[in-house]
Each structure stands twice: as C-alpha cells, then as structure tokens.
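In: please work out how this folds:
(one chain, ligands or ions: 1)
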Amino acid sequence: MASLFSLSSSSSSFLCSNKSIKLFSPPTRTPTFCSRSFSVKSLSSPETTTLSPTVQSFWRWVCDKGVIPTKSPPVKPAVVPEGLGLVAQRDFSRNEVVLEIPSRLWINADTVAASEIGKVCGGLKPWASIALFLIREKSREDSPWRSYLDILPKITNSTIFWSEEELSELQGTQLLSTTLGVKEYVQSEFLKVEEEVILPNKHLFPSITPDDFLWAFGILRSRAFSRGQNLVLVPPADLINHSPSITTEDYAWEIKGAGLFSRDLLFSLRTPVFVKAGEQVLIQYDLGKSNAEFALDYGFIEPKPERNTYTLTLEISESDPFFGDKLDIAESNGQGETAYFDICLGCPLPPAMLQYLRLVALGGTDAFLLESVFRNTVWGHLELPVSRANEELICRVVRDACRTALSSYSTTIEEDEKIREGRNLKPRLEIAVGIRAGEKKVLEQIDGIFKKRELELDGLEYYQERRLRDLGLVGEQGEIIFWESK
Ligand SMILES: C[S@@+](CC[C@H](N)C(=O)[O-])C[C@H]1O[C@@H](n2cnc3c(N)ncnc32)[C@H](O)[C@@H]1O
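Out: As a prediction, the model looks like this:
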C-alpha cells in the first residue's frame, strides 16, 4: 500500500495516506439501513410481534433444526433500531450463555468443502470460497440455506456499498482510500476466482458478477465471526448487534466441544451484561476497532472520541544515504522499512513513533549514532531527543504532513459539527461527517503536539548533553565542568 508520508534526513516528502487492510478480525455487524423484505422501524423497545414472513420462516427453519427449544426459546429475532436483533425471552445474568449453535448450522470453509463446489474451491482463500458458496446457494430456489439467505441484507451501510456521490463526502479521508483499496482488492480477487474457478466450472455456478462477489464479501465482513483465517457464519447468532456501552474485553463467543461423547462443535454466544426479558441482547464487537473500521465493516460509527483515529505511515526512504543502517536498526527493534502508527483522539502518541521518527530523520552530525558500535544501544538513545536539528526536522515534517492532510478535506471541523447538528441526517452522511471530523481532530491533535514541541526545542536535553552529564562533565545548572589545574 502507498505510504502516508516518507521522511528522510535529506528530503522529506509526504504522500497521501493509506492504511493497511486487515481482513476479517473478530465478529462483525451491519446497521439499520438494510434493504430487505422486512421494514425497519425505529423503535424504542424491540418489536417482536410484527416480523415479516421471511423472518418468521427463518425462525421456523432454525427451530426445526432442533437447535433452539421451540417451546421456550431463550431469545427471538426482532426488528430493532439496528435492523434485526436478538431479544431475550427471559432474564440473563452476566456471561450467561444465550445461544449454542451446533456446527451443522454454520457456514464455513468446511461447509464449502463438503458441498458440490468443494472440489473446485480447494485452492481458494477461505473467504472467497464461502463467498462463492453464498452466491451459488442464493441462486438456487431449493437451497437448504434458503431461509437464512433470505434474511441476509442486500446491502449494508458499509462504505464499500456507497455510491460515488456518497463517497465524495469522504473526500480527503483515509477511509476513502481504504474503501477504494478494499473494493479494488475484492475486484482483483473476483477476476482471479472467475478465471480459475467460475469459468472452468460453468456447470456448477450461476453467472456471477463482481457486484455479487462484493455483496458476499460485505456479508462476511459484517457478520462472520472470525479468529485468524477461520471465518464462520452462524445463524441465528449473527443477528447479534453491537452496543457502544458494553466495554468488557471478555470474548462474547467461543467454539467448544459439544460434550463428552460428541465430536461435534458448538458455537456458544454469551451476554457480557445482565439482560432483562424483553430487552435486546447486545455485545461489544471489538474494542480495538476504529470508527473507520466500523464504517467499512459494519456501516456505523460510534460517538466515542477514541474511536477516531488517523494512521501515520512513516518510511525509511530508499534514497536515504543511511538506508541500510536505518533499516537494520528498525528491523532489530520490531519495525520495518515502513511503519504504521495509529493515533487516536485524546490518546498519547504510540511509544515507538518518536523513536522511529528520530531514526528516519537522523543525519548530518548525528549520523555517528548509526555506526555499528551503537547498534545495540541506539534504539534506547532514540527514546529521547538526539539533537536540536533532528528534533526540529521531525516537528517540521510532521506538522507539514498534518497541514497537507488537513488541506485535502473539503470541509472544516466547524462545518462538520454544524451538519451534525442538523436533524434527520441520512445514516451514510452521518458516518461520512463523523469520520472526516474525527480524522481532522486527530490531525489537529498531532499538529498541536509537535507545535508545542517546537516551542520547547531550546529547553530540551539532547544526546551530547546527556552524555556529558553521564560522564560527570555537566554541573547541576547545565554548566560544563572544566578540569581544574592543581
Ligand atoms: C452481525 S449483523 C447483526 C444483525 C443485523 N442487525 C441484521 O439486521 O441482520 C451486523 C450488522 O448489524 C447492524 N448493527 C449492529 N450493531 C449496530 C449498531 N450499534 N448501530 C447500527 N447498526 C448496527 C449493522 O448493519 C451491522 O453491519
């Protein structure tokens, strides 16, 4: 991916920023806007009585599978402000299991492998094979998964489904470049899958378009539970919605053995908080996700300031005369030629960021620190200011980068705040305005940190002074102690 900016001691260039794409981290969800056969009502309490025939038929299908006690189901699907959700039919205590779903109801890579297309999907990435499975089953009237597929949203508010006009509201944001990057990635995966699997096996597949593939990708992104490469769709557990006010780190779900005498697996969903009968059961999707990731994966954002992030991408330029030494030092300390630092609103800078910046900016009379004799200690030295020139350069370069990034947005924070005050904002506009305001606030925060630092440059202690002090050559007041002749 292109880097946000690169910084070197000889030249400093700032490029547009992009974030590395993390595919399929923990469970995901999708918001209210879903165009489906049930109508989404804005309700203060979950609506359990007016389910559409599609949802009723889905629930019958789930109950018929024998995975939910039909007479006294612990939860039921309901129309809630987030779309569909799960509503408690009795009180649940904190961490109590809400649903246990056996693997025969899951859709994962094993389901695909055991299906008619299993043989031809073996070489695909797990998500791509599940995507093909979903699309194929969706096209079959008699699919055993019909009732489930019918309740899946045709579209979500994820930015991957936004029109060009809607995306234009994200002008200047990192989310826009990430969204375009993800769409490009899905498109290129589609072309590969089309050439290697779909076209050579036309008898197995309906005609599949890039939009179908993007839909399936969006479905997986917003509702597959995942750990690492293992993705799994688990009806009806995937009706669980996210609550910003649940902040427990505990996993809300696990996969476990079905019992002593069974080789089957169960997907077990717990409620992280006490829930009263009639209330919606909610979980925390992921405390570590930024609003940009929420918008991309699920199509909603949270009001919490710390969900607003900006990713600074720093790079050791290949044209840097000390490229090899700097890379060696970076790699010995868990970094690379390119380093990504997620900065969130109201949080301190990531600890290694200043070290990496100082390393990248190292040059001139400070270059002696790159010599091999310092190799084991240089990273430690970089924790503190090296020289005025080095510190001044990093301040200037970071501040220039922030200003350049800030100038690429089409609105100011004040303008965004005004729009947000307006009533009845469309969900996608609300997301766009929240994201762009959040990114700008983080950029202003970074700029502010380095502006303050610039003002402190004269008062900072640099490497040479520290060294003299360690050698006992600097007095209490910072004066140099000369040898006194006897
Ligand atoms: C795992 S699905 C949950 C079921 C979903 N509500 C449905 O109707 O199918 C995730 C999706 O639910 C919606 N969602 C979940 N939590 C939400 C929230 N706190 N605010 C808005 N939408 C939410 C989003 O559309 C998200 O992509």
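In: now do the end-to-end distance for stretch 235-255.
Out: When the termini of stretch 235-255 are compared using CA to CA, to the nearest Å, they are 14 Å apart.
In: my error: substitute stretch 420-427 in the last question.
Out: 11 Å.
In: residue contacts, the nearest residue to residue 316 once chain neighbours are set aside?
Out: Using CB to CB, 6 or more residues apart in numbering and skipping the chain neighbours, the partner closest in space to residue 316 is residue 326 (4.8 Å). All C-beta atoms are positioned from the backbone trio N, CA, C, and that covers glycine. Residue 326 makes contacts with 316, 320, 359-360, 362, 370, as judged by CB atoms under 8 Å, 6 or more residues apart in numbering.
In: quick check: nearest residue in space to residue 103, chain neighbours excluded?
Out: Leaving out its chain neighbours, residue 103 is closest to residue 265 (CB to CB, 6+ apart), at 4.6 Å.
In: what is the one you found paired to in the beta sheet?
Out: Residue 265 has the following beta-bridge partners by DSSP bridges: residue 257.
In: hang on, it packs against residue 105?
Out: No. Here residue 265 does not reach residue 105: they are 11.0 Å apart, not a contact under CB atoms under 8 Å.
In: which one's more surrounded, the two?
Out: Higher neighbour count among residue 265 and residue 105: residue 105, with 20 against 17, using other CB atoms under 10 Å.
In: surely the more buried one meets residue 233?
Out: No. The pair formed by residue 105 and residue 233 falls short of the contact definition of CB under 8 Å, at 9.3 Å.
In: look up how far the ligand lies from the residue nearest to residue 103.
Out: Distance check for residue 265 against the ligand: by CB to the nearest ligand atom, to the nearest Å, it reads 20 Å.
In: same thing with residue 310?
Out: Taken as CB to the nearest ligand atom, the span from residue 310 to the ligand is 23 Å.
In: show the average pLDDT along the helix or strand containing the residue nearest to residue 316.
Out: Residue 326 is part of helix 323-332 when elements are defined by DSSP states H and E. Averaged over helix 323-332, pLDDT sits at 97.
In: what residues of that helix count as buried?
Out: Residues of helix 323-332 classed as buried under the neighbour-count rule (16 or more other CB atoms under 10 Å) are 325-327, 329-330.
In: just the CA coordinates for the following helix or strand past that helix, please, in PDB.
Out: If you walk from helix 323-332 toward the C-terminus, the next helix or strand you reach (DSSP H and E) is strand 338-344. Only the C-alpha atoms of strand 338-344 are listed here, as PDB (Å, rounded to 0.1, in the frame of the first residue of the first chain):
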ATOM      1  CA  THR A 338       7.600   1.200   6.600                       C
ATOM      2  CA  ALA A 339       5.900   1.700  10.000                       C
ATOM      3  CA  TYR A 340       2.200   2.400  10.700                       C
ATOM      4  CA  PHE A 341       1.200   4.300  13.800                       C
ATOM      5  CA  ASP A 342      -2.500   4.500  14.700                       C
ATOM      6  CA  ILE A 343      -3.100   7.700  16.600                       C
ATOM      7  CA  CYS A 344      -6.400   8.100  18.300                       C
END
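In: residue numbering should commence at 554 henceforth.
Out: All right, first residue 554 from here; so that's strand 891-897.
In: in what helix or strand does the most centrally placed residue in the chain lie?
Out: Among the residues of the chain, the one closest to the centroid is residue 846, at 3.4 Å (CA atoms, centre = their mean). Per DSSP H and E, residue 846 falls inside helix 844-850.
In: tell me which strands the helix or strand following that helix pairs with, and in which orientation.
Out: The first helix or strand that comes after helix 844-850 along the chain, using DSSP H and E, is strand 862-868. In its sheet, strand 862-868 lies beside strand 891-897 (antiparallel), with partners assigned from DSSP bridges.
In: in the following helix or strand past the partner strand, what counts as buried?
Out: If you walk from strand 891-897 toward the C-terminus, the next helix or strand you reach (DSSP H and E) is helix 904-914. Of the residues in helix 904-914, those scored as buried under the neighbour-count criterion (16+ other CB under 10 Å) are 905-914.
In: tilt between helix 904-914 and strand 891-897?
Out: With axes from the mean of the first three to the mean of the last three CA atoms, to 10 degrees as the criterion, the two stretches helix 904-914 and strand 891-897 enclose an angle of 140 degrees.
In: tell me the average confidence for helix 904-914?
Out: When pLDDT is averaged over helix 904-914, the result is 96.
In: make TSV from the contacts of residue 879 and add distance to the ligand to it.
Out: TSV is the format used below for the contacts of residue 879 (distance: CB to the nearest ligand atom, whole Å):
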residue	distance to the ligand
869	38
873	43
912	40
913	38
915	45
923	48
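In: name the strands paired with the one helix or strand residue 779 maps to and say parallel or antiparallel.
Out: Per DSSP H and E, residue 779 falls inside strand 778-780. Strand partners for strand 778-780, identified by DSSP bridges, are recorded as strand 783-786 (antiparallel).
In: I'd like to know if the strand it pairs with reaches the ligand anywhere along the stretch.
Out: No. Applying CB under 6 Å from any ligand atom, one finds strand 783-786 out of contact with the ligand, separated by at least 9.5 Å.
In: neighbouring contacts of that strand?
Out: If you take CB under 8 Å, 6+ apart as the criterion, strand 783-786 is touched by 577, 659-662, 679-680, 683, 772-773, 776-779, 808, 820.
In: let's see it at 6 Å
Out: Strand 783-786 has contacts (CB atoms under 6 Å, 6 or more residues apart in numbering) with 577, 659-661, 679-680, 777-778.
In: reformat those residues as CSV; add secondary structure and pLDDT.
Out: Supplementary listing: the contacts of strand 783-786 in CSV, determined by DSSP: H, G, I helix; E, B strand; the rest coil; pLDDT from 0 to 100:
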residue, secondary structure, pLDDT
577, coil, 38
659, coil, 97
660, strand, 98
661, strand, 97
679, helix, 95
680, helix, 96
777, coil, 97
778, strand, 95
